[in-house]
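Colleague: Could you work out the structure for the sequence below:
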Amino acid sequence: MAVTWCRILIGRVSLSLLALLWLVPGCAGTKSAQCGGTGCGAAAFANSDQNSANSDNETANIQVVNAPTWMRSGGNSTTYPNELYLTGIAAAKGDNALKRAMADAAADLANRITVRIESELSDVSSEKNGKVDYHIAAMTRLTSDTRIQGLKYEVAHVGTDVYSLAYIRRSDVATEHRMQLEHALVALRTCMNSARSLRVGVNASVASGYQQCLQYVTEGLQHDAVMRNVDPQSRVHKPPSELVQCLQEIRDATASITARPATSIKEAADFLALQLSARGTIQYVFRDAPAFRYGVTNFASSLGQQLSLSLESALAQRKSSAESRVDYPDAAVRGVYFEEGDNIRVAATVVEVTTGRVVGGAEIVIAKSNIPAGVAIRSKNLESAMADQRLLAEGELIDGSLRVEVWTDKGRRGVVYAESEPIRLFLRVNAPAYVRLIYVLQSGIQVPIDQGYYVDASKVNMAVEYPDRFEAAPPFGVEHIHATAFSKQPEPLPVATQTIDGQNYTIVQDGLSAVVRHRGIKRIEKDEVAESLLSITTFPSTSR
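Modeller: Predicted coordinates for the structure are as follows:
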């Protein structure tokens, strides 16, 4: 007998016990709440730096239309075909509905680029492509979240709802980022020549000179990644060799003149803050510093969380002693770390929120032996989690007629939750749909959160909060939420009851293979299916 969920707080341990809810007869389901909290907008698409309108003067590029075709076709437009245009769609109601709809449409457009870039990076490994290529991929990951300038909009009003389509020619985006790439390369050459001239100087000056050039490497990688992913004619197999060679020279020069790796996470954060403040970034208003991600993955760990918190504290201390500037814009800090033999290499980048422009970069190495016991460098199930991610993401639809997105109150990338921390889940579809939600536990067990959560026409293209709540609890590691949207109510996945520690659990029979088989590949014509994958990392509290 199919049973709906009650709106209750579900512990993370209960995520492995979700079957119990399915066994409770007569539990009345609740309708989804419109996402109206302060955390909803920031988490709605990509990261919070994607969620503000491009600029006030772009509101002049608005065309008001009546009943456009893209409203009836899930965002697809014959006027702006996918092969020539990038598009994004969103809807809003209430106060400032127009501004919010435009901002979310712009973020939706940018997120599609980010998904492609990160998909491209996910196949890179140090064993497969060598250390330099892996480093290049990790540095690109720092700025894969991007913003697109020069957007135009179509807007439609339906009652109290405002619908917005953001669009821009692919060729225009590619041309703009090609020009920006050339500017970054010119700045990089100047910086590298200056750093080389200091090789006869003191070590600190040499290190500072070379480290400053990282900003232009990262900036160049950002523009190159966007350019290659928005325009098929611009695609090449690898970034410009000049970026790769300069990054290798920076690494070699820094390694040869650095006396020792950092002896603690705090010392590493202090050194990163010192470098970033030397670039002039300390005047920015830092509003976003998510956990540092592990290598080219979207996963973090307790080390990534510690690095983020320590850098945030170090930047705050330096900012308090610096001259205050009220005219500086908001900035976001992005970080990655990866293993290099006996060391951990940590890289951080500062990006302007409103423009997406890279304004600073820094690196430091920490000896693995100086990482405190209990602070995990990588999640213990990292390899299996990456395998699960590849299996679930294979064939994931991004530009189909039907689309679905899923995220948490912390966004969708590098998401980390500590023990007992509450988790809120949000989703969005661009047409009425039934959404199947599967939670893939750290152990690999697949638990059905919902076999067919219905989002009706009144909530299309709006952020919808899933009514049930969760919290992080053992077991900890990398886990996934797999969302599949269907235009027609799907057949339920086959489930089985499994007894663990004397308790009955409902899990997906045959695991991920069943999830993949039941994607709707054999659907009849006009039935539509879309997918989205969210990965999160949970870890125990420091008090454990």
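Colleague: Run through the stretch 151-300 of the chain and note the low-pLDDT ranges.
Modeller: 199-207, 233-238, 256-259, 288 (pLDDT under 70).
Colleague: where along it do the strands fall?
Modeller: Using DSSP state E, counting those that start in this stretch, the strands of the stretch 151-300 of the chain run over residues 152-158, 161-169, 285-288, 293-294.
Colleague: What average pLDDT does the following helix or strand past the last one get?
Modeller: Read that as strand 293-294. Sequence-wise, the next helix or strand downstream of strand 293-294 (DSSP states H and E) is helix 302-321. Averaging pLDDT along helix 302-321 yields 85.
Colleague: average pLDDT across the helix or strand following helix 302-321?
Modeller: Next along the chain after helix 302-321, taking DSSP H and E as the criterion, comes strand 330-340. Summarised as a single mean, pLDDT over strand 330-340 is 87.
Colleague: Can you tell me the strand partners of strand 330-340 and which way each runs?
Modeller: Looking at strand 330-340 with DSSP bridges, its partner strands are strand 285-288 (parallel), strand 293-294 (parallel), strand 343-352 (antiparallel).
Colleague: Extract the C-alpha trace of it and format it as PDB.
Modeller: This file holds the C-alpha atoms of strand 330-340, laid out as PDB (Å, rounded to 0.1, in the frame of the first residue of the first chain):
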ATOM      1  CA  ASP A 330      30.900  41.700  -2.100                       C
ATOM      2  CA  ALA A 331      33.300  38.800  -2.800                       C
ATOM      3  CA  ALA A 332      33.100  35.000  -2.400                       C
ATOM      4  CA  VAL A 333      36.000  32.800  -1.400                       C
ATOM      5  CA  ARG A 334      36.400  29.400  -3.200                       C
ATOM      6  CA  GLY A 335      38.900  26.800  -2.200                       C
ATOM      7  CA  VAL A 336      40.200  23.300  -3.200                       C
ATOM      8  CA  TYR A 337      42.800  21.000  -1.800                       C
ATOM      9  CA  PHE A 338      44.400  17.800  -3.000                       C
ATOM     10  CA  GLU A 339      47.100  15.300  -2.100                       C
ATOM     11  CA  GLU A 340      50.700  15.600  -3.300                       C
END
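Colleague: tell me the angle it makes with helix 302-321.
Modeller: If you take axes from the mean of the first three to the mean of the last three C-alpha atoms, to 10 degrees, strand 330-340 sits at 140 degrees to helix 302-321.
Colleague: Report pLDDT for the residue nearest the centre of the chain.
Modeller: Nearest residue to the geometric centre of the chain (C-alpha atoms, centre = their mean): residue 413, 2.8 Å. Predicted confidence (pLDDT) for residue 413: 78.
Colleague: which element is it on?
Modeller: In this assignment (DSSP H and E), residue 413 forms part of neither any helix nor any strand.
Colleague: Look up how far residue 247 lies from it.
Modeller: Using C-beta to C-beta, to the nearest Å, we find residue 413 at a distance of 23 Å from residue 247. In this view, the C-beta of every residue, glycine as well, is placed from N, C-alpha and C.
Colleague: Ok, which of the strands of the stretch 151-300 of the chain comes nearest residue 338?
Modeller: strand 293-294 (6.8 Å; C-beta to C-beta).
Colleague: Show me what that closest one is in contact with.
Modeller: Strand 293-294 has contacts (C-beta atoms under 8 Å, 6 or more residues apart in numbering) with 141, 299-301, 304, 335-338, 377-379, 382, 413-414.
Colleague: now the nearest residue to residue 211 once chain neighbours are set aside: how far from residue 330?
Modeller: Using C-beta to C-beta, 6 or more residues apart in numbering and skipping the chain neighbours, the partner closest in space to residue 211 is residue 275 (5.4 Å). Distance of residue 275 to residue 330, given as C-beta to C-beta: 20 Å.
Colleague: go on, residue 414?
Modeller: From residue 414 to residue 330 the distance is 19 Å (C-beta to C-beta).
Colleague: higher neighbour count, these two?
Modeller: For residue 414 versus residue 330, neighbours defined as other C-beta atoms under 10 Å are more numerous around residue 414 (26 against 16).
Colleague: wait, isn't that one in contact with residue 305?
Modeller: No: with contacts counted by C-beta atoms under 8 Å, residue 414 stays clear of residue 305, the gap being 9.8 Å.
Colleague: who touches both of these two?
Modeller: Residues touching both residue 414 and residue 305 (C-beta under 8 Å, 6+ apart): 291, 292.
Colleague: Where do the helices of the stretch 351-500 of the chain begin and end?
Modeller: Along the stretch 351-500 of the chain, counting by DSSP state H, counting those that start in this stretch, helices occupy 382-393.
Colleague: Point out where it drops to low pLDDT.
Modeller: Applying pLDDT under 70 to the stretch 351-500 of the chain flags residues 381-400, 499-500.
Colleague: Can you list the residue ranges for strands in it?
Modeller: So, for the stretch 351-500 of the chain - with DSSP E, counting those that start in this stretch - the strands run 358-367, 404-408, 415-418, 422-423, 425-429, 433-440, 446-455, 464-465, 469-471, 477-486, 495-500.
Colleague: what ranges do the helices span in the stretch 151-300 of the chain?
Modeller: 170-197, 203-212, 214-230, 241-257, 265-278.
Colleague: got these as TSV, with mean neighbour count and distance to residue 319 columns?
Modeller: TSV is the format used below for those (neighbours: other C-beta atoms under 10 Å; distance: least, C-beta to C-beta, whole Å):
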stretch	mean neighbour count	distance to residue 319
helix 170-197	17	25
helix 203-212	18	20
helix 214-230	25	19
helix 241-257	16	25
helix 265-278	21	8
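Colleague: Distance to residue 135 added to those, as a markdown table?
Modeller: Formatted as a markdown table, the helices of the stretch 151-300 of the chain follow (distance: least, C-beta to C-beta, whole Å):
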| stretch | distance to residue 135 |
| --- | --- |
| helix 170-197 | 16 |
| helix 203-212 | 15 |
| helix 214-230 | 10 |
| helix 241-257 | 6 |
| helix 265-278 | 17 |
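Colleague: can you tell which of these is closest to residue 480?
Modeller: Closest to residue 480 of the helices of the stretch 151-300 of the chain is helix 214-230 (C-beta to C-beta; 23.5 Å).
Colleague: okay, among the contacts of strand 293-294, which ones form the most distant pair?
Modeller: Going by C-beta to C-beta, the pair spanning these furthest: 377 and 413, at 19.4 Å.
Colleague: Tell me which of the strands of the stretch 151-300 of the chain lies nearest to residue 418.
Modeller: strand 293-294 (16.5 Å).
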